[in-house]
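K.L.:
got a predicted structure plus its sequence, pasted below:
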Amino acid sequence: MAIKKGHNNQGFNIVHILLVLGIAGVAGFIGWYVWQQSSESSGSSEEICTQSYPARCTKNGKSYLKY
């Protein structure tokens with residue numbers, strides 16, 4: 001009695017492709033969600049810089065770097 005070997009491996013390959021695409025989609029969605037949440041919660045970088053480090057444009061009564 002000979003064992004018949006099947007050569008139908010296409011379904012197995014499709015499952016792997018769908019699994020990889022699903023994982024990539026979930027990872028992409030999570031990254032997008034985190035990026036959206038962080039960009040909504042914080043102000044613009046210009047506002048943060050001016051609030052954190054105010055520019056010193058005067059020294060000894062002289063004015064420097066005026067824009």
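P.N.:
Looks like it came in fine.
K.L.:
next, count neighbours for residue 31.
P.N.:
Neighbourhood size, residue 31 [other Cβ atoms under 10 Å]: 10. In this view, the C-beta of every residue, glycine as well, is placed from N, C-alpha and C.
K.L.:
check which helix or strand it maps to.
P.N.:
helix 10-41 (DSSP states H and E).
K.L.:
could you pull up the mean pLDDT of that helix?
P.N.:
For helix 10-41, the mean pLDDT works out to 90.
K.L.:
so which elements touch that helix?
P.N.:
In terms of contacts (3 or more Cβ pairs under 8 Å, 6 or more residues apart in numbering; DSSP states H and E), helix 10-41 is packed against no helix or strand at all.
K.L.:
okay, buried residues for it please.
P.N.:
Buried residues in helix 10-41, counted by 16 or more other Cβ atoms under 10 Å: none are found.
K.L.:
and residue 58, how many residues sit next to it?
P.N.:
Neighbours of residue 58 using other Cβ under 10 Å come to 11.
K.L.:
do the same with residue 62
P.N.:
7.
K.L.:
what is it paired to in the beta sheet?
P.N.:
residue 59 (DSSP bridges).
K.L.:
can you check the pLDDT for it?
P.N.:
Taking residue 62 on its own, its pLDDT is 73.
K.L.:
and the one 4 residues further on, by the same measure?
P.N.:
pLDDT, the model's per-residue confidence, is 60 for residue 66.
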